[in-house]
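Student: Let's see this in three dimensions:
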Amino acid sequence: MGFFDKFFSREKKADLDKGLEKTKETFLSKIARAITGKSTIDEDVLDEIEAALIAADVGLETTIKIIERLEARVARNKYLSVHELYALLRDEIVQMLSENDTQEVEDFHIPPEKRPYVLLVVGVNGVGKTTTIGKLAAQFTQRGYKVLLGAADTFRAAAVDQLRIWADRAGCAFYSKGMGADPGAVAYETVQQAIHQGFDAAIIDTAGRLHNKANLMLELGKIRRSIEKKLPGAPHDILLVLDASTGQNAFEQARHFTEVAPITALALTKLDGTAKGGVVIGISDQLKVPIRYIGVGERVDQLQIFNKQAFVEALFEP
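Tutor: As a prediction, the model looks like this:
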C-alpha cells in the first residue's frame, strides 16, 4: 500500500488534482518554459522559477527563501540537471510545510481525551466560514460523532439562519439564542449543552465583521474566557478560515487575526476557483500556523484534511 493509498481515495486525489487545476496551469507552464532546452541550471532558470512562485501567490518572502535553498543545493551539486532541480523544488516545498506542522494526517478524528472537542471558528464575512463549519459538522457526523453547532455570530440574522440550515443538512444539533444575543453567553451555553448531553464536538461560529484590532481582541477574548470558564482547556482549537482566491489579501487577514488571537489552525477555501493556490505555502511559512483543512470544491466531501505531500504532488503533476 502506497502513501496516497493509505490516506487518499482515488476520488479524493481526483478532487485535489481538479481543485488545483487553475494554479497548476499557471505554475507548471512557467516552470516548463524555464527548463525547456536546458541541460544545466543557470540564473535564468532560477529567475523563471522565482517568477512562477510569485505568480502562484506564494509570496515574496517565502519565494526568496525557496530560491535561496535551491541555490545552496545547486552549489553543492555542480552538475545538477533540470530534472533533478524539479524534484528538489518539490522536496523543498514539502519540507517547508512540514516545518510548521508535524502532526500526522488523520481523517476527521476526534481524540477521546478531547471530548467534547470545542472548536472556535473565526474569519471575515464572505470567506466561506459558515459553509466550512457546516462541512466539518457533516464530515464528523458521517464518522459517527455527535456534533453541536453554536451560533455565536449574533450580529446578522442571516448568519444564524445559515448555520441552522447547515445543521439540518449535516444531521447535527444546533444551539442559538437568536440575533442580538451576547456571543460569550452563546459560546458558554453551547459548551454547557455539549457537556451535559454527551456531544463529541461543539463547533462555535463567531462574527465575521471587519473590526479594528482592539474590538476584535476584546470580543474574541470574551468568547474564549466564557468557553474556558465552562470547560478548562477549551477551546481546543481556534480555526481561522481564509479565502484562497484572494491571494495575498488572505495572508493579510491571517496576519491580522494571529496578532489578536492564538490561532491554532487554518482552513483555506475556494482553491478550486483560483490560480493563487501557492498562497497555501506562503501563509504556512510566514505565520507558522498549521493548515488543517482545504476546500477544493462545493461538495461536503471536497473539504479535505490538508496533506502536505499530496498537495505538493498534485501541484506538480501535469
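Student: quick one: Q142 and C172, what's the gap?
Tutor: According to C-beta to C-beta, to the nearest Å, Q142 and C172 sit 10 Å apart. C-beta coordinates here come from the backbone N, C-alpha and C atoms, glycine included.
Student: Same question for D205.
Tutor: As judged by C-beta to C-beta, D205 and C172 stand 13 Å apart.
Student: who has more neighbours, those two?
Tutor: Higher neighbour count among D205 and C172: D205, with 30 against 22, using other C-beta atoms under 10 Å.
Student: That one touches F155, doesn't it?
Tutor: No - contact criterion C-beta atoms under 8 Å: D205 and F155 do not qualify, at 11.1 Å.
Student: for the stretch 1-150 of the chain, what spans make up the strands?
Tutor: For the stretch 1-150 of the chain, the strands defined by DSSP state E, counting those that start in this stretch cover 117-122, 147-151.
Student: Let me know the pLDDT of L231.
Tutor: We have a pLDDT of 97 for L231.
Student: Burial check on it, number of neighbours?
Tutor: The number of residues packed near L231 is 17, by other C-beta under 10 Å.
Student: check which helix or strand covers the nearest residue to it once chain neighbours are set aside.
Tutor: Closest residue to L231 apart from its sequence neighbours, by C-beta to C-beta, 6 or more residues apart in numbering: V191 at 5.2 Å. For V191, the enclosing helix or strand under DSSP states H and E is helix 183-196.
Student: so that helix versus strand 147-151, what angle?
Tutor: Counting by axes from the mean of the first three to the mean of the last three C-alpha atoms, to 10 degrees, helix 183-196 lies at 170 degrees to strand 147-151.
Student: what's near enough to touch the residue most central in space within the chain?
Tutor: By C-alpha atoms, centre = their mean, the chain has its centre lying nearest to A267, at 2.4 Å. By C-beta atoms under 8 Å, 6 or more residues apart in numbering, the contact list for A267 reads T132, L239, L240, V241, L242, I291, R292, Y293, I294, G295, L303.
Student: And for I204?
Tutor: 118-121, 149-150, 152, 186-187, 190-191, 223, 227, 235.
Student: which residues are common contacts for D205 and C172?
Tutor: Counting by C-beta under 8 Å, 6+ apart, the common neighbours of D205 and C172 are L149.
Student: my guess is V241 contacts G134, does it?
Tutor: No - V241 sits out of contact with G134 when judged by C-beta under 8 Å, with a separation of 11.7 Å.
Student: For D205, grab phi and psi.
Tutor: Note on D205: backbone dihedrals following degrees, to the nearest 10 are phi -80, psi 150.
Student: Leaving out sequence neighbours, find the closest residue to it.
Tutor: Leaving aside its sequence neighbours, D205 sits nearest to D153 (C-beta to C-beta, 6+ apart; 4.8 Å).
Student: what separates P111 from A194, distance-wise?
Tutor: P111 is 16 Å from A194, by C-beta to C-beta.
Student: Same check on P116?
Tutor: Shown here: P116 relative to A194, a distance of 4 Å by C-beta to C-beta.
Student: higher neighbour count, the two?
Tutor: Per other C-beta under 10 Å, whichever of P116 and A194 has more neighbours is A194, with 28 against 25.
Student: And that one, what's its pLDDT?
Tutor: The model reports A194 with a pLDDT of 98.
Student: Please apply the same query to I227.
Tutor: 97.
Student: Pull out the buried positions in the helix or strand hosting it.
Tutor: If you go by DSSP H and E, I227 is part of helix 213-230. For helix 213-230, a neighbour-count test (16 or more other C-beta atoms under 10 Å) marks L216, E219, L220, I223, R224, S226, I227, E228, K230 as buried.
Student: Next, find the distance separating G247 from I64.
Tutor: Plainly put, G247 is 17 Å away from I64 if you go by C-beta to C-beta.
Student: Could I get the buried residue list for stretch 185-198?
Tutor: Taking 16+ other C-beta under 10 Å as the criterion, stretch 185-198 shows V186, A187, Y188, E189, T190, V191, Q192, Q193, A194, I195 as buried.
Student: In the stretch 51-200 of the chain, mark out all the helices, start to finish.
Tutor: Under the criterion DSSP state H, counting those that start in this stretch, helices of the stretch 51-200 of the chain are mapped to 60-76, 82-99, 129-142, 157-170, 183-196.
Student: out of those, nearest to K18?
Tutor: helix 129-142 (17.0 Å; C-beta to C-beta).
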